[in-house]
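> sequence unknown, structure follows:
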């Protein structure tokens, strides 16, 4: 049924809708365009933020009464020590079998998305070689207390390394301390050792030069550079750190004259070989680079490092056994 209206002389005429003017149509199109661009920008920002949170999330840790270290059939202690901001860090201390006051200790600094359990496979060889071993988790990982901010690409984690070294020196009375770090853990031990002379020798497996460099190296092709930079700025703000403080290449030279060993896989798809060469060039002496043919970012830790542990032990023996 057609709607009608009454004209001035009483006749009924069909109602006519008002036809939008060009200005109204343009305004609607402009609003739709702005909304589309805003949604796209939000999606481009949110997607890498969510991906970053997912990639650096702490893994689920077993119940306190379930300890995978028992499978190694070695004596150990559940240990706890304070972080610089008052949080409690926790881990496992495996004492050497025939310890003396001069027996050194080796600790392991884990990578992103991992915890102290990832160092378990290194324990038997280090223990057989006569070393104390410390495995611990960064704040917010494992059973360590957290501030909810998440991984800070070596900034806060290197402070946790400082705390681990302090625990070994002051609580355990150990003078010789060596460090093994993987990925962000490698950056963490580099940053810590650069300012802390109590770290006597460093093995850095697949470290990156700076957090901004490794983000650029892993930028998806579809993601504009300015979106990546904006996302990193949001991550810095949310987690409370500065990218300038997560640059191992700026600090690595301060480790000398203590021994440094860099280990990198030639097929690492996350950390380019150029990072390792830059770190080696910036490092003082004595420093050594092992390039392992065919190893990826994951296999350099799970396969290559473990296969070469006897050589790693030899490196620590020369640096710490006096």
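Great, that's in hand. Please read these numbers as outputs of a predicted model, since none were measured by experiment.
> what residue ranges in the chain score low on pLDDT?
Residues of the chain that meet the criterion pLDDT under 70 lie in 1-69, 322.
> how about the helices of it, start to end?
Along the chain, counting by DSSP state H, helices occupy 22-55, 123-128, 155-166, 184-195, 211-217, 225-239, 248-251, 273-282, 299, 306-307, 309-320.
> possible to save the ones you listed as TSV with mean neighbour count?
Every C-beta, even on glycine, is put in place using the N, C-alpha and C of the backbone. Shown next, in TSV, are the helices of the chain (neighbours: other Cβ atoms under 10 Å):
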stretch	mean neighbour count
helix 22-55	12
helix 123-128	18
helix 155-166	24
helix 184-195	28
helix 211-217	19
helix 225-239	16
helix 248-251	21
helix 273-282	17
helix 299	15
helix 306-307	12
helix 309-320	17
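> and of those helices, who's closest to residue 112?
helix 184-195 (4.9 Å; Cβ to Cβ).
> packing partners of that closest one?
Under the contact criterion of 3 or more Cβ pairs under 8 Å, 6 or more residues apart in numbering; DSSP states H and E, helix 184-195 touches strand 105-109, helix 155-166, strand 177-182, strand 201-205, helix 248-251.
> pull up the pairing partners for the fourth one, direction included.
Spelled out, it's strand 201-205. Strand 201-205 sits in its sheet next to strand 177-182 (parallel), strand 260-265 (parallel), going by DSSP bridges.
> format the helices of the chain as TSV; extra columns: distance to residue 86.
Converted to TSV, these look like this (distance: least, Cβ to Cβ, whole Å):
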stretch	distance to residue 86
helix 22-55	25
helix 123-128	29
helix 155-166	11
helix 184-195	19
helix 211-217	25
helix 225-239	18
helix 248-251	25
helix 273-282	32
helix 299	38
helix 306-307	36
helix 309-320	31
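> which of these sits closest to residue 88?
Evaluated over the helices of the chain, closeness to residue 88 peaks at helix 155-166, with 9.9 Å, by Cβ to Cβ.
> so how far is the closest one off the chain centroid?
For helix 155-166, the gap between its own C-alpha mean and the chain's C-alpha mean amounts to 13 Å (Cα atoms, centre = their mean, to the nearest Å).
> between the helices of the chain, which one is nearest to residue 107?
The minimum distance between residue 107 and the helices of the chain falls on helix 155-166, with 5.4 Å, by Cβ to Cβ.
> ok and the closest one relative to helix 184-195, angle-wise?
Going by axes from the mean of the first three to the mean of the last three Cα atoms, to 10 degrees, helix 155-166 is angled at 60 degrees with respect to helix 184-195.
> which strands and helices sit next to helix 155-166?
Here helix 155-166 touches strand 77-82, strand 88-94, strand 105-109, strand 132-136, strand 177-182, helix 184-195, going by 3+ Cβ pairs under 8 Å, 6+ apart.
> now tell me what touches that helix from outside.
Outside helix 155-166, the residues that touch it by Cβ atoms under 8 Å, 6 or more residues apart in numbering are 81-85, 89, 91, 107, 109, 134, 136, 138-139, 144, 149, 151, 177, 179, 181, 184-185, 187-192, 195-196, 198-199, 241-242, 245-246.
> same thing but 6 Å
81, 83-84, 89, 107, 109, 136, 138, 177, 188-189, 191-192, 196, 198-199, 241, 245-246 (Cβ atoms under 6 Å, 6 or more residues apart in numbering).
> what number of residues lie near residue 257?
Residues near residue 257, counting by other Cβ atoms under 10 Å, number 9.
> please report how far it lies from residue 75.
Distance of residue 257 to residue 75, computed by Cβ to Cβ, to the nearest Å: 35 Å.
> residues contacting the closest residue to residue 167 other than its chain neighbours?
Spatial nearest neighbour of residue 167, excluding adjacent residues (Cβ to Cβ, 6 or more residues apart in numbering): residue 81 at 3.9 Å. By Cβ under 6 Å, 6+ apart, the residues touching residue 81 are 89, 163, 167.
> closest to residue 285 among those?
Among the contacts of residue 81, and counting by Cβ to Cβ, the member closest to residue 285 is residue 163, at 28.8 Å.
> show me the contacts for the residue lying closest to that closest one once chain neighbours are set aside.
Residue nearest to residue 163 in three dimensions, not counting chain neighbours: residue 83, with 5.1 Å by Cβ to Cβ, 6+ apart. Residue 83 sits next to 89, 139, 160, 163 when contact means Cβ under 6 Å, 6+ apart.
> and with 7 Å instead?
Counting by Cβ atoms under 7 Å, 6 or more residues apart in numbering, residue 83 makes contact with 89, 139, 159, 160, 163.
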